[in-house]
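1. My questions are about this predicted structure, shown below with the sequence.
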Amino acid sequence: MEEEIFNQQIEAAQQRLHELWQRTRESSSLPHPQETLTMEALQELSTVLEELQVATEELQQRNEQLAIACETVKAERQRYQELFEFAPDGYIVTNTSGIVQEANRTAASLLNRSQNSLIGKPMAIFVAKEDRKTFRDILTELNHFPQLHDWEVRLQPSKGQPFPAALNVAAIRDRCGNLIGLRWLVRDITERHKQAEQTRKALEQEKELSNLKSRFIRAASHEFRTPLTIISMSAELLERYKHKLSDVQKDSHFQKIRAASKQMARLLNDILLLDKTEAGKLELNPIPVDLVEFSRELVEELQLSIGSQHAITFIHQGQCANAYLDKKLLRQIIDHLLSNAIKYSPRGGKVHFELICQDREAIFQIQDEGIGIPKEDQRRLFERFHRGTNVGTISGTGLGLTIVKECVDLHDGAIAVESEVGSGTTFTVKLPLNQLNQNR
Ligand code: ATP
Ligand code: MG
């Protein structure tokens, strides 16, 4: 506007000058020294006015450039404001005392508050109580050494649980380099923490598994070596002294060879079964079973192989003649539980086996008076290769109960243990009767 008036004024002055110039020329027929001087002055004035006009045009051009620059700065500022506002990470600007001056949407949503409610508050109040002292200490430190700083704190959102956050702080300085504020980048790292925890657990499990595997390899080689030594020794004795040995002695050696081969076959069978369960290939094939007859046969078989140091008593209740179960898997269950009851009663003693059929359920209870199982081992009994801490020199691979549990699960049954170290152990297995689970 001012520029326009200025232009008009220059134009009017030029006009007036032109008229003056004309009049002076018209009266120039009478040469006069004063008139010549006026002419010169007018010419000078005209030059000045022209220069002034050029200067005005330049000024105008500069003003236009300034306006364009202003627009660009405005647009740039708007762009940065939007970047700040909609950044996927939380941004907070505070003064050097940590009072919030600006906060973007993400920061507000992380703290579950409105942007406005953050302004003017000390940032420390959004830090979980247990981390506040550390936060204040770091803030004080930042005032002295305001270089980039990275650390983790727990932030406290309104109405929610504290969450782990990574803070990254940058200094804001004025033209003279004085610290005038701090810019905080706030990142929720709950997921990162979870992943780290999962990786740690997976590594721990991997380590545990590898420990268990080496334990298993050691135990399995031992379990194979013992019967192999028995077989080779008995075979050698039979070969060398076949003429000197009595029939009873020979029978005893044959008996030992049979028992040792049976032990090896059993171990191999366990390993194969476990492999099948891991591959999801163990299947349930139920058929009608008379549970009393089946259990009695198993007990007799086992009693024959263990001699007279242990006595297995078998009692039953209820209607157990028409069960519909998988005989092979059932054999695994009862055989492993009875064998354990005997094996972990090294000083001999009674083993009670009770079968109860009631309410469409078969309950198998196997009770011994053996070494018992420590409490801390009880919850891990069904894990592969896990053995109790009190087994001492009693041999085993820690596979039996894993197989038992698999077989019970396939029947949709349940297994429980009660045990007291030094007093004995009771395993209870419950299987649904006459129920064929089609899904398995
Ligand atoms: P195997 O694979 O030869 O059966 P194992 O007997 O050691 O070896 P599991 O039958 O799976 O393996 O038993 C796991 C652990 O549970 C045993 O090592 C033992 O510590 C404990 N345990 C199982 N049954 C009994 C029991 N009746 N009395 C005491 N401890 C038992
Ligand atoms: Mg066992």
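-> Received the coordinates, thanks. Since the model is a prediction, treat every value here as computed from it, not as a measurement. Ligands and ions are numbered 1, 2, ... in the order given.
2. Quickly list what the closest residue to Thr106 other than its chain neighbours is bridged to.
-> Closest residue in space to Thr106, ignoring its immediate chain neighbours: Gly90 at 4.4 Å, by Cβ to Cβ, 6 or more residues apart in numbering. For the C-beta atoms, the positions are set from N, CA and C on the backbone; glycine is no exception. Under DSSP bridges, the beta-bridge partners of Gly90 are Val186.
3. The chain should start at 25 in everything you say after this.
-> New numbering, starting at 25: the last item is Gly114.
4. Gly114 and ligand 2: what is the separation?
-> Distance of Gly114 to ligand 2, computed by Cβ to the ion, to the nearest Å: 57 Å.
5. Count residues in the vicinity of that residue, would you?
-> Counted with other Cβ atoms under 10 Å, residues neighbouring Gly114 total 22.
6. Quickly note the distance from it to Met147.
-> 11 Å (Cβ to Cβ, to the nearest Å).
7. State the helix or strand in which Ile390 lies.
-> strand 385-392 (DSSP states H and E).
8. Dump that strand to PDB, keeping only the CA atoms.
-> C-alpha atoms of strand 385-392 as PDB (Å, rounded to 0.1, in the frame of the first residue of the first chain):
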ATOM      1  CA  GLU A 385     -14.500 -94.300  35.100                       C
ATOM      2  CA  ALA A 386     -11.600 -96.700  35.700                       C
ATOM      3  CA  ILE A 387      -9.300 -95.700  38.500                       C
ATOM      4  CA  PHE A 388      -5.900 -97.400  38.800                       C
ATOM      5  CA  GLN A 389      -4.000 -96.700  42.000                       C
ATOM      6  CA  ILE A 390      -0.500 -97.900  42.500                       C
ATOM      7  CA  GLN A 391       1.000 -97.400  45.900                       C
ATOM      8  CA  ASP A 392       4.500 -98.200  47.300                       C
END
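9. Go ahead and confirm Lys351 touches Ile311.
-> Yes: the criterion here is Cβ atoms under 8 Å, and Lys351 meets it with Ile311 at 6.2 Å.
10. Please say which of these two ends up with more neighbours.
-> A direct count of neighbours by other Cβ under 10 Å for Lys351 and Ile311 places Lys351 higher, at 14 against 10.
11. do stretch 376-395 and ligand 2 meet?
-> No: with Cβ under 5 Å from the ion as the measure, stretch 376-395 is seen stopping short of ligand 2, the closest distance being 12.0 Å.
12. Okay, buried residues for that stretch please.
-> 376-381, 385-395 (16 or more other Cβ atoms under 10 Å).
13. do the same with stretch 29-41
-> Those would be Ile34, Ala37, Gln38, Leu41, for stretch 29-41 by 16+ other Cβ under 10 Å.
14. Then stretch 312-324?
-> Result for stretch 312-324 [16+ other Cβ under 10 Å]: buried residues Val313, Leu315, Val316, Phe318, Ser319, Leu322, Val323.
15. Tell me how far the helix or strand encompassing Ser285 lies from the chain's centre.
-> For Ser285, the host element (DSSP H and E) is helix 271-302. Distance of helix 271-302 from the chain centroid (Cα atoms, centre = their mean, to the nearest Å) equals 45 Å.
16. ok, now which ones touch the nearest residue to Pro370 once chain neighbours are set aside?
-> Once flanking residues are discounted, Pro370 sits nearest to Ile418: 6.5 Å by Cβ to Cβ, 6+ apart. Neighbouring residues of Ile418 by Cβ atoms under 8 Å, 6 or more residues apart in numbering: Lys367, Tyr368, Pro370, Ile395.
17. Against which helices or strands is the helix or strand hosting Gln85 packed?
-> Using DSSP H and E, the element containing Gln85 is helix 57-110. Applying 3 or more Cβ pairs under 8 Å, 6 or more residues apart in numbering; DSSP states H and E, one finds that helix 57-110 contacts helix 26-50.
18. Okay, angle between the helix it packs on and helix 57-110 too, please.
-> Counting by axes from the mean of the first three to the mean of the last three Cα atoms, to 10 degrees, helix 26-50 points 170 degrees away from the direction of helix 57-110.
19. for helix 26-50, packing partners?
-> helix 57-110.
20. Now do the same for the helix it packs on: mean pLDDT, whole number.
-> Helix 57-110 shows a mean pLDDT of 85 in the predicted model.
21. Same question for stretch 264-284.
-> Across stretch 264-284, the per-residue pLDDT values average to 92.
22. Flag the shaky bits of the stretch 325-464 of the chain, pLDDT-wise.
-> Counting by pLDDT under 70, the ranges of the stretch 325-464 of the chain that qualify are 458-464.
23. who in it is up against ligand 2?
-> Contacts of the stretch 325-464 of the chain with ligand 2, taken as Cβ under 5 Å from the ion, map to Asn364, Gly424.
24. Pick out the residue of the stretch 325-464 of the chain closest to ligand 2.
-> Going by Cβ to the ion, ligand 2 is nearest to Gly424 of the stretch 325-464 of the chain, at 2.9 Å.
25. Can you report phi and psi for that residue?
-> Per-residue torsions, Gly424: phi -50, psi -50 (degrees, to the nearest 10).
26. How about it, nearest residue that isn't a chain neighbour?
-> His360 (4.1 Å).
27. any idea how far Lys268 is from the residue of the stretch 175-324 of the chain found nearest ligand 1?
-> Proximity to ligand 1, evaluated over the stretch 175-324 of the chain using Cβ to the nearest ligand atom, is greatest for Asp294 at 5.8 Å. Distance from Asp294 to Lys268, counting by Cβ to Cβ: 38 Å.
28. what about these two, which has more around it?
-> Between Asp294 and Lys268, counting by other Cβ under 10 Å, Asp294 is the more crowded of the two (19 against 8).
29. Please name the nearest non-neighbouring residue to the more buried one.
-> Nearest one to Asp294, counting by Cβ to Cβ, 6+ apart, is Leu423 at 4.8 Å.
30. Tell me who's in contact with that neighbour.
-> Listed by Cβ under 8 Å, 6+ apart, the contact set of Leu423 reads Phe240, Asp294, Ile295, Leu298, Arg408, Phe409.
31. wait, the first one sits on Glu407?
-> So that's Phe240. No: shown here, Phe240 and Glu407 do not form a contact pair, counting by Cβ under 8 Å, at 11.6 Å.
32. quick revisit: show me what the strand holding Ile390 is packed up against.
-> Short answer (3+ Cβ pairs under 8 Å, 6+ apart): strand 385-392 packs on helix 351-367, strand 373-382, strand 448-456.
33. at contact distance from ligand 1, anything in that strand?
-> Yes: applying Cβ under 6 Å from any ligand atom, one finds strand 385-392 touching ligand 1 at Asp392.
34. The residue of the stretch 325-464 of the chain closest to ligand 2 - how many residues pack around it?
-> Residues contacting Gly424 under the criterion other Cβ under 10 Å number 20.
35. Show me where the stretch 75-224 of the chain dips below the pLDDT cut-off.
-> Ranges of the stretch 75-224 of the chain meeting pLDDT under 70: 170-172.
36. Alright, that wraps it up for me.
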